[in-house]
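Novice: using only what follows, build the 3D model:
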Amino acid sequence: MDSLALYTIRLAVNQPSKPTVCLASPIPATVFQIKTWPMRPGDTVPKLRRTNLLSLLYHADEQWSDSVRQVSDRSTKTIDNVHRQQMIYLDTLLLLHKAIGANERRSRLQEAVLFAAQVLHHDHHVRCLEPCTQELKPMADKLYLALETLRKVSRAQALQPTRASMLATHLLQTRLDDFIHHWDRFEAALYECYSQQVFGTRQNIGDQSRISVPVQQHALPQELFSDSFTRLLPMTLHRALSHAYITLPMVQDLDPIAFIAVPRLALLSGMLHFSHVSEWRRNDHYSVWFQSQATAMQRLRDEIVALEEETRQQSSHEGYTAFVRDWMALEQALVRGWHTELPASYRRIYLSVCTIADALLANQSARSFTVILRHLFNSFSQDQVNTSQYISESASDKRLGVSERTFKDDNEGLGYLEASFQILGKT
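Specialist: Numbers count the residues shown, from 1 in each chain. Below you'll find the predicted structure:
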């Protein structure tokens with residue numbers, strides 16, 4: 001906040017409240033309450049090192065949490081300690097923001113702005129700004145929630161540094177940028193409200209679009225586009241279009257069904273007919289997108305291996321044909337929902353795939369993964385795709401050394417997959 005803003009705030013704070021405005025009640029110490037999270041298996045408290053900014057942020061967060069646990073309405077000393085710890089945390093946060101690639105030069109994050117957001121978030125009033133409470137509170141809520149999300153992400157990465165990856169770094173950058181964005185919007189709104197108290201005029205902060213604070217965008221690391229799971233997406237999409245699991249207009253219109261179906265089908269194919277691409281069957285090193293779901297991936301792999309062994313034991317043409325037919329029915333179910341009478345083993349695989357794949361669109365990496373899907377779907381825009389003729393072999397497939405046939409009918413498709421499975425069984 002610049003010197004003029006600070007001067008204006010000082011004038012507003014020193015100005016007595018108008019008689020027509022109800023004075024705010026004393027602010028209780030409960031406004032300082034923040035979330036805490038228990039330690040998880042594998043968590044290791046990082047050593048406090050000057051060169052490790054995540055460790056500095058983690059310990060600043062711990063000191064902040066300790067000060068909040070000790071705070072009391074009757075002790076000015078404990079309240080002052082919370083303000084001091086919040087100031088230390090914000091200073092450390094700014095160091096991290098600069099270290100991971102912030103382009104703009106920023107002044108210090110004023111702890112008074114955070115305190116104002118805490119007060120408004122807990123349904124209290126900021127002194128001298130009582131008339132602006134309803135306008136400021138939505139922005140205060142967003143800032144408060146953005147900070148809590150950032151605390152959770154940074155804490156998790158500090159406690160498990162061995163899981164650090166390009167995706168984790170991008171996630172931290174994204175959450176930090178979100179926090180800074182909401183901070184700037186809220187701080188600008190505070191400035192306008194205080195200016196009204198001094199000068200009697202201001203622009204309407206209810207118009208959210210007027211307070212234009214751009215969000216810094218970080219491009220996804222290029223490594224994520226060559227990740228084992230990401231490489232499966234174009235091949236899976238081509239196959240889904242070939243078998244009419246999804247349609248070209250669904251992809252071009254960015255239909256939500258396509259966003260849900262393609263990751264499910266890609267996960268399933270990576271465990272079976274594209275396992276030579278993903279290599280998930282050979283080791284326990286799964287995609288970076290599934291780092292937090294390693295146990296679930298292992299369980300899915302075991303379920304598929306058990307189903308394969310059961311089919312191999314039958315060792316008959318009818319058995320292989322039934323397997324391929326049931327497998328294609330399972331793929332259709334992943335797109336359209338479970339409306340089939342497949343054996344219980346397929347039902348278990350169906351539930352495992354949905355649980356793992358759907359989490360990509362619901363967890364903290366959802367935004368990044370959606371960017372990947374948008375890149376894929378944009379290649380099927382109306383001006384780039386001839387809808388009258390489907391080209392079954394893409395440049396991506398050529399780079400990977402894999403081509404996908406477009407079958408004339410279902411019988412040919414069954415024969416091709418059956419033959420592929422028989423070859424797999426002999427290796």
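
Novice: tell me which helix or strand residue 265 sits in.
Specialist: helix 256-271 (DSSP states H and E).

Novice: what is the subsequent helix or strand relative to that helix?
Specialist: Sequence order places helix 275-278 as the next helix or strand after helix 256-271, per DSSP H and E.

Novice: in that next one, what counts as buried?
Specialist: 275, 277-278 (16 or more other Cβ atoms under 10 Å). C-betas here are computed from N, CA, C, even on glycine.

Novice: could you dump those to CSV with pLDDT and distance to residue 45?
Specialist: Listed next are these as CSV, based on pLDDT from 0 to 100; distance: Cβ to Cβ, whole Å:
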residue, pLDDT, distance to residue 45
275, 81, 39
277, 80, 39
278, 81, 35
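
Novice: tell me the mean pLDDT for stretch 250-257?
Specialist: Mean pLDDT, stretch 250-257: 86.

Novice: start and end of that stretch, how far apart?
Specialist: For stretch 250-257, the first and last residues are 8 Å from each other (Cα to Cα, to the nearest Å).

Novice: same question for stretch 326-346.
Specialist: 8 Å.

Novice: so for it, mean pLDDT?
Specialist: Averaged over stretch 326-346, pLDDT sits at 87.

Novice: run the chain-centre distance for it.
Specialist: Centroid separation for stretch 326-346 versus its chain: 29 Å, with Cα atoms, centre = their mean, to the nearest Å.

Novice: next: stretch 297-308.
Specialist: Offset of stretch 297-308 from its chain centre (Cα atoms, centre = their mean): 27 Å.

Novice: for the chain, what helix or strand is lowest in average pLDDT?
Specialist: Ranked by mean pLDDT, DSSP states H and E, the helix or strand of the chain with the weakest confidence is helix 395-400, at a mean of 36.

Novice: so which elements touch the top helix by length along the chain?
Specialist: Longest helix in the chain by number of residues, with DSSP state H as the criterion: helix 166-199. Applying 3 or more Cβ pairs under 8 Å, 6 or more residues apart in numbering; DSSP states H and E, we find helix 166-199 packed against helix 3-14, helix 76-99, helix 111-121, helix 133-159, helix 222-225, helix 366-378.

Novice: ok so, going back, the helix holding residue 265 vs helix 366-378, what angle?
Specialist: In terms of direction (axes from the mean of the first three to the mean of the last three Cα atoms, to 10 degrees), helix 256-271 departs from helix 366-378 by 90 degrees.

Novice: pLDDT below threshold where in the stretch 1-150 of the chain?
Specialist: By pLDDT under 70, the low-scoring segments of the stretch 1-150 of the chain are 1-26, 101-105.

Novice: tell me the contacts of residue 286?
Specialist: Contacts for residue 286 (Cβ atoms under 8 Å, 6 or more residues apart in numbering) come out as 228-229, 280, 293-294, 297.

Novice: got a markdown table for those residues, with neighbour count too?
Specialist: As requested, the contacts of residue 286 are exported to a markdown table (neighbours: other Cβ atoms under 10 Å):
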| residue | neighbour count |
| --- | --- |
| 228 | 18 |
| 229 | 23 |
| 280 | 24 |
| 293 | 19 |
| 294 | 12 |
| 297 | 20 |
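
Novice: sorry, back to before: winner for burial among the helices and strands packed on helix 166-199?
Specialist: Greatest average neighbour count among these goes to helix 111-121 (a mean of 21), per mean count of other Cβ atoms under 10 Å.

Novice: and the contacts of the helix holding residue 265?
Specialist: Here helix 256-271 makes contact (Cβ under 8 Å, 6+ apart) with 228-229, 232-233, 235-237, 239-240, 245-246, 250-251, 277-278, 280-281, 300-301, 304, 330-331, 334-335, 349, 353-354, 356-358, 360-361, 369-370, 373, 376-377.

Novice: in ChimeraX, how would I select the buried members of the residues you listed?
Specialist: The ChimeraX command for the buried members of the contacts of helix 256-271 (criterion: 16+ other Cβ under 10 Å) is given here:
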select :228,229,232,233,235,236,237,239,240,245,246,250,251,277,278,280,300,301,304,330,331,334,335,349,353,354,356,357,360,361,369,373,376,377
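
Novice: on the three-state scheme, residue 338 is what?
Specialist: With DSSP: H, G, I helix; E, B strand; the rest coil as the basis, residue 338 sits in coil.

Novice: that one: neighbour count?
Specialist: By the criterion of other Cβ atoms under 10 Å, residue 338 has 13 neighbours.
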